[in-house]
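Q: got a predicted model here, sequence first, then my questions.
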Amino acid sequence: MGFSSGLSGLNAASKDLDVVGNNVANAATVGFKQGQAQFADIYANSLYGAGNNTIGIGTKVSTVAQQFTQGDITVTNRQLDLAISGNGFFRVSNNGAVSYTRAGQFQLDKNGYIVTANADRLTGYLANGAGIINSVSPVDLKIPTGDLAPLATTSITGQFNLDSRSSTIVQATTPFNLTDPTTYTNGTSLKVFDSLGNSHDVNLYFVNRGAGSWDVYASLDGTTQIGAGPVTTMTFNTSGGLTAGGGPIAMPAVVYGNGAANGALSLNLGGTTQFGNTYSPNTLSQNGYTSGRLTGFTFGSDGTIQGTYSNSQTIVLGQVALANFNNVQGLIPGGNNLWQESADSGIPIVGVPGGTNLGKLQAGATEASNVDLTAELVHMITAQRNYQANAQTIKTQDQLMQTMVNM
């Protein structure tokens with residue numbers, strides 16, 4: 001019995017050293033989770049049950065438990081490096097075969113997919129052209145390379161202060177003429193866009209008609225008046241507050257030409273004032289933009305991918321998906337920093353970063369291996385001593401047997 005006990009101890013200590021060696025070898029592997037050899041004693045089975053004085057016959061490695069503790073977050077400042085702070089795994093796909101990883105060192109392949117070094121594609125939820133995410137079923141994440149389609153301007157919003165001290169211009173004697181600055185009090189201009197993404201200037205002209213009344217005219221590109229008369233008439237009370245005509249106002253149709261659709265513009269001048277102060281445009285904006293090309297993208301802590309375009313627009317391109325399991329110890333290591341689900345792990349619970357029992361993402365960073373190198377080296381010494389002690393057990397048993405043979 002001594003030989004078998006010592007031999008089992010040698011095997012167990014050897015496997016313990018194998019686990020330690022694997023941990024040490026992967027101390028610098030991003031996203032690696034260390035293993036721990038766990039042992040169980042062995043007793044011989046008896047037909048009538050074991051007595052109180054039963055002596056064990058050795059030990060065995062019952063399992064190698066994975067330690068899914070959080071590794072240190074290391075900042076890399078690399079755009080496609082991602083680290084999970086908390087629970088969960090990246091979900092990656094290779095021709096439909098899904099695996100899971102904590103190693104967030106990604107890159108773009110030639111087709112625009114976000115992939116690992118082994119060409120496994122990161123999965124998540126894609127967004128439509130309006131930036132709305134379809135979170136029904138995760139798919140391979142792909143960064144679009146096409147141009148962002150233009151958006152025709154439909155709304156103009158402005159807020160001004162019109163100087164109550166300015167001279168009154170009488171319509172009957174001085175009718176409005178966009179080419180004659182003496183026929184209007186003040187003016188301003190802003191860029192708008194047609195359905196093809198071409199830019200145009202819409203000019204607004206303010207004419208003081210006296211008694212707190214101001215006519216507002218508009219023109220396209222400074223040459224064509226929009227509508228036959230004023231697009232709105234604003235009136236103000238004696239405190240300088242706007243009482244009528246601020247909008248939103250549906251302006252007459254704008255004919256852009258050059259194959260673009262006619263524009264239907266809405267004008268909103270709410271909040272405009274008439275104080276005894278210098279004329280000033282406080283805010284002026286519109287909701288259209290020209291076409292643009294992708295210049296970069298960033299990841300949010302919730303996994304959203306924000307694309308930045310050459311036309312100064314930012315649009316949500318998609319969102320990274322994470323997965324977690326009821327029993328992460330049941331995951332099967334598959335090499336290349338990957339795990340596969342099993343019957344013991346349970347089915348994956350897929351969601352977005354920051355969701356229930358799922359950690360948040362940190363972009364420009366990776367999760368280091370959770371191996372404590374100092375502890376592993378101490379453990380290595382202990383495992384070596386165990387191996388030597390079991391070898392000594394076999395040696396002593398051999399000496400006893402030799403003594404009996406020589407009697």
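A: Ah, there it is.

Q: would you indicate which residues of the strand ranked longest in the chain are buried?
A: In the chain, with assignment by DSSP state E, the single longest strand is strand 199-210. For strand 199-210, burial by neighbour count (16 or more other CB atoms under 10 Å) applies to 200, 202-209. (C-beta placed from N, C-alpha, C; glycine too.)

Q: within its sheet, name the partner strands of that strand and how each one runs.
A: strand 186-193 (antiparallel), strand 213-220 (antiparallel) (DSSP bridges).

Q: deepest-packed of those, please.
A: strand 213-220 (a mean of 21; mean count of other CB atoms under 10 Å).

Q: hmm, who's touching that strand?
A: With contacts defined as CB atoms under 8 Å, 6 or more residues apart in numbering, strand 213-220 is touched by 162, 171, 176, 178, 184-185, 200-209, 225-227, 229-236, 245, 251, 254-256, 267, 269, 274.

Q: helices along the stretch 1-150 of the chain, start to end?
A: 2-25 (DSSP state H, counting those that start in this stretch).

Q: re earlier: relative to A97, which of the strands paired with strand 199-210 is closest?
A: Closest to A97 of the strands paired with strand 199-210 is strand 186-193 (CB to CB; 45.3 Å).

Q: quick one: mean pLDDT for the closest one?
A: Strand 186-193 carries an average pLDDT of 95.

Q: again with stretch 87-107
A: The model assigns stretch 87-107 a mean pLDDT of 94.

Q: ditto for stretch 217-233
A: For stretch 217-233, mean pLDDT rounds to 92.

Q: list the buried residues of it.
A: Within stretch 217-233, the residues that qualify as buried are 217-220, 225-226, 230-232, counting by 16+ other CB under 10 Å.

Q: just send those back as TSV, with distance to V30 too.
A: TSV is the format used below for these (distance: CB to CB, whole Å):
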residue	distance to V30
Y217	64
A218	59
S219	60
L220	57
Q225	64
I226	60
P230	66
V231	61
T232	61
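
Q: just the closest of these to G131, please.
A: After measuring the buried residues of stretch 217-233 against G131 - CB to CB - the closest member comes out as L220, at 29.7 Å.

Q: distance to N22 and pLDDT added to the buried residues of strand 199-210, as TSV?
A: Formatted as TSV, the buried residues of strand 199-210 follow (distance: CB to CB, whole Å; pLDDT from 0 to 100):
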residue	distance to N22	pLDDT
H200	67	94
V202	68	94
N203	73	95
L204	72	95
Y205	78	96
F206	77	96
V207	82	96
N208	84	95
R209	86	93
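
Q: as CSV, the residues you listed with distance to V371 would be great.
A: Shown next, in CSV, are these (distance: CB to CB, whole Å):
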residue, distance to V371
H200, 62
V202, 64
N203, 68
L204, 67
Y205, 72
F206, 71
V207, 77
N208, 77
R209, 80
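
Q: of all the strands paired with strand 199-210, which lies closest to T59?
A: Nearest to T59, of all those, is strand 186-193, at 76.2 Å by CB to CB.

Q: residues in contact with the closest one?
A: Contact with strand 186-193 is made by 150-153, 156, 158, 160, 162-163, 166, 181, 199-206, 222, 263, 265, 279, 281, 284-286, 288-290, as judged by CB under 8 Å, 6+ apart.

Q: before we move on, the earlier item: looking at the buried residues of strand 199-210, which is nearest G112?
A: Among the buried residues of strand 199-210, and counting by CB to CB, the member closest to G112 is H200, at 33.4 Å.

Q: touching, the closest one and N258? I think so.
A: No. Using CB atoms under 8 Å, H200 is not in contact with N258, being 9.9 Å away.

Q: joint contacts of those two?
A: D194.

Q: still on that earlier bit, and the buried residues of stretch 217-233, which two are furthest apart?
A: Within the buried residues of stretch 217-233, L220 and T232 form the most distant pair, 16.6 Å apart (CB to CB).

Q: what's the burial count for N95?
A: For N95, the count of nearby residues is 7 (other CB atoms under 10 Å).

Q: torsion angles phi and psi at it?
A: With angles defined as degrees, to the nearest 10, N95 sits at phi 50, psi 40.

Q: who's in contact with it?
A: No contacts exist for N95 under CB under 8 Å, 6+ apart.

Q: quick one: it from R121, how far?
A: Using CB to CB, to the nearest Å, N95 is found at 9 Å from R121.

Q: distance of the nearest residue to F206 once chain neighbours are set aside relative to R121?
A: For F206, ignoring the flanking residues on the chain, the nearest one in space by CB to CB, 6 or more residues apart in numbering is N186 at 4.7 Å. Going from N186 to R121 by CB to CB gives 57 Å.
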